[in-house]
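>>> Build me a model:
(chains A and B)
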Amino acid sequence: MTIDKELLDILACPKCKGDIRLNDQGDGLICDACRLLYPIKDEIPVMLIDEAVKI
Amino acid sequence: MDTEKVTKVYSVYSGFYDLLFGKIFHDSRVAAINLLGLRSGDRVLEVGVGTGLSLPLYPRNCTVIGIDLTGPMLVKGAKKIQRLGLGHIHLQQMDATHMAFGDSLFDAVLAAYVMSTVPDPRQVLAEMSRVCRPGGRIVLLNHFSNGNRLISRVEKTISPLCTWIGFRSDLCLKSLLDETCLDVEQNLKVNPFNYWHIVQCVNRKPAHGAAH
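From the prediction side, this is the model:
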């Protein structure tokens, strides 16, 4: 999955508002500070704290 | 209304939302988007974008980000984007009270038919102000309670019914804007039945510092 660079630049962790990055598999966005993975489902990033996976 | 209920109600709606609400609210959506005063290259956020009814109305020379709490609504919106080739529009699933954006990133922010459907409209507005740049436009398309005492009483009475269908009828604009740094530029009544208002605000938050 490709994610627009501009989109990556403006997206932040909904919890700490810090930077996020695309994971190696390209199917989730990682906040290293909160150690949370936000999944990308049907090409839509799910930026919900409750649905984030602990890493 | 809590977040879980909102998700549940609107997941059910996603199947027939366009059929039910598409035509009736079209003109109001066009007017609301016009009041965003978009210029070429602007970045705009639509909060509660739902099935993406308004997406074809945005100029293609802007970048549009649409967010919604309900996944099934967004999947419909994504199909619309693909079908219509709207490459300037991106969707994300978010809770509008905890947006996944940094501060002051958007030139304009719209919430159409959102404020009455969320558990904490003040927090949603605070987030809209936070992510909107100083001097940016914030437009609300919503029903706000009437100052008339009799009508207010009717609205309060039908409020539980409205909550059941996923809508709050007694939201007051003045108390919503209280303690925000939003200046109302225009407040227009629109169809159907002049029940809806389009409120155009300018974000007067300081250039550096607190969100609102």
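
>>> contacts and neighbour counts: CA atoms only from here.
Noted.

>>> where does chain A have low pLDDT?
Across chain A, residues meeting the criterion (pLDDT under 70) sit at A:1-2.

>>> Residues of it that sit close to chain B?
Neighbours of chain B within chain A, by Cα under 8 Å from any Cα of the partner chain: A:10-15, A:17-18, A:42, A:44-48.

>>> Looking at those residues, which are in helices?
Among those, the ones falling in helices (DSSP state H) are residue A:10.

>>> Could I get the residues of chain A next to chain B in a markdown table, plus columns for neighbour count?
Conversion of the residues of chain A next to chain B to a markdown table gives the following (neighbours: other Cα atoms under 10 Å in any protein chain shown):
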| residue | neighbour count |
| --- | --- |
| A:10 | 15 |
| A:11 | 23 |
| A:12 | 23 |
| A:13 | 27 |
| A:14 | 23 |
| A:15 | 16 |
| A:17 | 17 |
| A:18 | 16 |
| A:42 | 13 |
| A:44 | 20 |
| A:45 | 21 |
| A:46 | 28 |
| A:47 | 29 |
| A:48 | 21 |
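
>>> Among the residues of chain A next to chain B, which ones are in strands?
Here DSSP state E is the test, and these give A:44-47 as lying in strands.

>>> burial measure for the nearest residue to residue B:88 once chain neighbours are set aside, as a count.
The shortest distance from residue B:88 to any non-neighbouring residue, by Cα to Cα, 6 or more residues apart in numbering or on different chains, is to residue B:63 (5.1 Å). Number of residues near residue B:63 (other Cα atoms under 10 Å in any protein chain shown) recorded here: 20.

>>> next one: residue B:199
The number of residues packed near residue B:199 is 21, by other Cα under 10 Å.

>>> hey, what's it bridged with?
residue B:140, residue B:187 (DSSP bridges).

>>> Quick check: it touching residue B:183?
No. Using Cα atoms under 8 Å, residue B:199 makes no contact with residue B:183, being 10.0 Å away.

>>> which residue does chain A bring closest to chain B?
Here chain A gets closest to chain B at one residue, residue A:14, 4.0 Å apart by Cα to the nearest Cα.

>>> circling back to that earlier point, I'd say the residue nearest to residue B:88 and residue B:40 touch.
No. Assessed by Cα under 8 Å, residue B:63 is found out of contact with residue B:40, at 9.2 Å.

>>> And residue B:9, how far from residue B:132?
The gap separating residue B:9 from residue B:132 is 29 Å, by Cα to Cα, to the nearest Å.

>>> So residue B:135 sits against residue B:204, correct?
Yes. Judged on Cα under 8 Å, residue B:135 makes contact with residue B:204 at a distance of 5.8 Å.

>>> For the residue nearest to residue B:88, which residues are in contact?
B:41-44, B:88-89 (Cα atoms under 8 Å, 6 or more residues apart in numbering or on different chains).

>>> Fine by me, we can end here.
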